[in-house]
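K.L.:
For reference, the sequence and a predicted model appear below.
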Amino acid sequence: MLPLSWMLSLLTASLTETPADPVGTERIYGGEPVADGEFLPVVGVYVQHANKTELCTGTMLSPTVVLTAAHCLARLDDNSPPVNVFAGTSSSALEAQSEALRYAIHPQYCLPDDCVDDNYDIAYIILADGMDVGTIEPITNQHDYDRLIAAGASVTLVGYGSTESGEIGTKHKVTTAITKFSETGKEFYAGGDGKDSCHGDSGGPALVQSGGAWKLAGVLSRGYDCGQGGVYGVPFPVLCWLRDETDLDLLPGRCDQCECLDISAPADPPADHERGCQAARSLPDHVAWLGGVGLLGLARRRRARLGA
């Protein structure tokens, strides 16, 4: 088992590959680094495979429970090395870190080839050591949901993924808007026009503000080319599963079956939903982790392209 110290140093170098530019002159992704201490409950997730390590993003729901994307963990098995989670403005400026004690993907998770929408691309991670970095809870109030989750509504995307300059592993934020919904309302599309999440942001949050507090509106699943928008799973439909699996009950009072929040899509949703896919892009070999174990290749996990 690798010690957590292998996570402490990231060799950042110029990349030999960059995502395709969107049409126009705006900077891709359109975001900025977070300030020190900002969005601490948004954490990085490292998933190690035999020949590479993949980066995802997650959200702390409690000091020991992280919500992320199912596709980040779907290819692991009992022989896989431990998943590692860190909090901080970057992978080299840590506030806290922990190995995963256990994790699970939602039982209804499916690949986009099998279900065009509503992929249930959500997973949880239970940490071996609690991280006292704060939490962000999902929206469970009908008034807040109706007011904040609509086409054109503002959302803030946060993650450790790739920027337009090729930087990865530093937490960034960008404010954009919801554009449309799946037919059931269990997923929504957000971003575009150069303001977007990208590789390494998979599992990261789309956030809204209610009463001065950040609330989790969506979990990043997949999307178009970086800068052109992504698809986010609404967390409320999985809260009963999460409660039964982890004993973390985020449901409002007198709500036992996860049917007390109406998340149905607005009337006449757009008909141009496209099939998406989840995949990872690998970083060049010269972007690697330093430590006693040598150099480990790193990959960025995101939604990958829609319409692939």
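P.N.:
On my side now, so go ahead.

K.L.:
can you map out the strands along the stretch 101-250 of the chain?
P.N.:
Using DSSP state E, counting those that start in this stretch, the strands found in the stretch 101-250 of the chain span residues 123-127, 154-159, 172-181, 187-190, 205-210, 213-223, 230-233.

K.L.:
Tell me how far the residue nearest to Ser90 when sequence neighbours are not counted lies from Val219.
P.N.:
Closest residue to Ser90 apart from its sequence neighbours, by CB to CB, 6 or more residues apart in numbering: Thr170 at 4.2 Å. C-betas here are computed from N, CA, C, even on glycine. When CB to CB, to the nearest Å is applied, the distance between Thr170 and Val219 equals 21 Å.

K.L.:
More neighbours: the two, which one.
P.N.:
When Thr170 and Val219 are compared on other CB atoms under 10 Å, the one with more neighbours turns out to be Val219, at 28 against 21.

K.L.:
Name the nearest residue to that one, sequence neighbours excluded.
P.N.:
In space, not counting the residues next to it along the chain, Val219 is nearest to Gly233; the distance is 4.8 Å by CB to CB, 6+ apart.

K.L.:
For the one you found, which residues are in contact?
P.N.:
Taking CB atoms under 8 Å, 6 or more residues apart in numbering as the definition of contact, the neighbours of Gly233 are 118-122, 186-187, 218-219, 221.

K.L.:
out of these, which is most surrounded?
P.N.:
The most neighbours, when the contacts of Gly233 are compared by other CB under 10 Å, belong to Asp121, which has 31 neighbours.

K.L.:
What does the pLDDT read for that residue?
P.N.:
Looking at Asp121, its pLDDT stands at 96.

K.L.:
Now for Ala104, how many residues are close by?
P.N.:
That count, for Ala104 with other CB under 10 Å as the rule, works out to 15.

K.L.:
Who does it form a beta bridge with?
P.N.:
When bridges are assigned using DSSP bridges, the partners listed for Ala104 are Tyr124.

K.L.:
Test my guess that it contacts Asp244.
P.N.:
No. In terms of CB atoms under 8 Å, Ala104 does not count as a neighbour of Asp244; the distance is 10.8 Å.

K.L.:
where does the stretch 101-250 of the chain dip in pLDDT?
P.N.:
112, 116 (pLDDT under 70).

K.L.:
Report how many residues lie close to Val65.
P.N.:
The number of residues packed near Val65 is 21, by other CB under 10 Å.

K.L.:
That one: what's it in contact with?
P.N.:
Residues touching Val65, when contacts are defined by CB under 8 Å, 6+ apart, comprise 124-127, 242, 246, 248.

K.L.:
can we see that at 7 Å?
P.N.:
By CB atoms under 7 Å, 6 or more residues apart in numbering, the residues touching Val65 are 124, 126, 246, 248.

K.L.:
sorry, back to before: what about the residue nearest to Val219, distance to Ala87?
P.N.:
22 Å.

K.L.:
now do the same end-to-end measure for stretch 179-198.
P.N.:
17 Å (CA to CA, to the nearest Å).

K.L.:
For it, what is the distance to the chain centroid?
P.N.:
13 Å (CA atoms, centre = their mean, to the nearest Å).

K.L.:
ditto for stretch 109-126
P.N.:
Centre-to-centre, stretch 109-126 and its host chain are 13 Å apart (CA atoms, centre = their mean).

K.L.:
That stretch: which residues count as buried?
P.N.:
Neighbour counts over stretch 109-126 (16 or more other CB atoms under 10 Å) mark 109, 112, 117-126 as buried.

K.L.:
Leaving out chain neighbours, which residue sits closest to Ala74?
P.N.:
Distance criterion CB to CB, 6+ apart; nearest residue to Ala74, sequence neighbours excluded, is Ile105 at 5.7 Å.

K.L.:
shouldn't that neighbour be in contact with Ala70?
P.N.:
Yes. Under the contact definition of CB atoms under 7 Å, Ile105 touches Ala70, with a separation of 3.8 Å.

K.L.:
Between the two, which contacts overlap?
P.N.:
Residues within reach of Ile105 and of Ala70 at once, by CB under 7 Å, 6+ apart, are Ala123.
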